[in-house]
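Q: Quick one, structure for this:
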Amino acid sequence: MTMQPLRDVHIKTIQILKDHGIPNPTLESRLLACFVYDLTPEAFILESDRSIDEEKIEIFIKRRVAGEPLSKIIGEKEFWSHRFYTSSKTLDPRPDSEVLIESALSHVKDKEIPLRILDMGTGTGCLALTLLLEFPNAQAVGLDISTDALEIAQKNAALHGVEERVDFIEGDFSDVFDDPFDLVISNPPYIPTRDIDGLQTEVRLFDPMFALDGGIDGLDPYRILAKSLGKNLKNKGLFVLEFGIGQAEDVCAILKESDLAILEVNRDIENRERCIIGQNHR
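A: The predicted structure is shown next:
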């Protein structure tokens, strides 16, 4: 056991992470230390002289510099300023996907409206649950093919106190419900199969493949969604879909073939086309 002041361990960890090209090494060092030593952010600052066992954090540092995302190590990730549990069985919530929430909010101005929301491919549940937090009278269904992901989503619903307003169901993009929804939201897999091997290590090795691989051209999920959206949406119901870089035109064409109207194509935090918002005509 090697006892060192927390401050010294923090400084040493920052340098190791920096030497391995880890972005935001100071923040990541703090988050790792809080996780390993069970510290609140306040305690991390106030107890910087506290002696800790340096060896306890070393295994986690090794995992991080080997490419494992911090979120997978500590089991959580922030999205829309909310904390969400994540795991190796779920796609991490990403800042790029926050444009889906922004797009929905820009088209549904009345936050008191009793929306019915369907999140197809819910993963951690971050999209559906964030919308429930924004719309206090809304109800949601989260759909996913992974029972492991649904367990994480249910855990997140309990974390945010909305478990009474959401149902999580095992299913896929082709599922059709008897009662149509006001809003369908989805971040489907959209990486072309041939591009998987070229993804960053953090994504390729630590995110579930079924949440990444969109088929030969990355568009298979949209072909399926185009057929189910019209049936799952009310007349004038809205859909919000994420897509990959350079896919906007193809995804719009697929949706239009199913008589779905495209209202906007919106850009993410990096100013890349990332999200389509549209409407059902029926």
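Q: The residue nearest the centre of the chain: what's it in contact with?
A: The centroid of the chain falls nearest to residue 93 when counting by CA atoms, centre = their mean (2.2 Å). Residue 93 makes contacts with 77, 78, 79, 84, 86, 123, 124, 126, as judged by CB atoms under 8 Å, 6 or more residues apart in numbering. All C-beta atoms are positioned from the backbone trio N, CA, C, and that covers glycine.
Q: Once you drop chain neighbours, what's closest to it?
A: residue 79 (3.6 Å; CB to CB, 6 or more residues apart in numbering).
Q: Please, where are all the helices along the chain?
A: 6-19, 25-36, 41-46, 55-65, 70-74, 98-107, 126-134, 147-159, 201-204, 220-232, 248-257 (DSSP state H).
Q: Using PDB, write out every CA atom in the fourth one.
A: Listed in PDB are the C-alpha atoms of helix 55-65, where the atom choice follows Å, rounded to 0.1, in the frame of the first residue of the first chain:
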ATOM      1  CA  GLU A  55      -2.300   1.800  -5.900                       C
ATOM      2  CA  LYS A  56      -6.100   1.800  -5.900                       C
ATOM      3  CA  ILE A  57      -6.300   4.200  -8.800                       C
ATOM      4  CA  GLU A  58      -3.500   2.800 -10.900                       C
ATOM      5  CA  ILE A  59      -5.500   0.000 -12.400                       C
ATOM      6  CA  PHE A  60      -8.200   2.500 -13.500                       C
ATOM      7  CA  ILE A  61      -5.500   4.800 -15.000                       C
ATOM      8  CA  LYS A  62      -4.200   1.800 -17.000                       C
ATOM      9  CA  ARG A  63      -7.700   1.100 -18.300                       C
ATOM     10  CA  ARG A  64      -8.100   4.700 -19.400                       C
ATOM     11  CA  VAL A  65      -4.800   5.100 -21.200                       C
END
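Q: Show me what it is in contact with.
A: Contacts for helix 55-65 (CB under 8 Å, 6+ apart): 1-2, 9, 13, 16-17, 20, 22, 28, 32-33, 35-37, 70, 73.
Q: in that helix, what counts as buried?
A: Neighbour counts over helix 55-65 (16 or more other CB atoms under 10 Å) mark 57, 58, 60, 61, 64 as buried.
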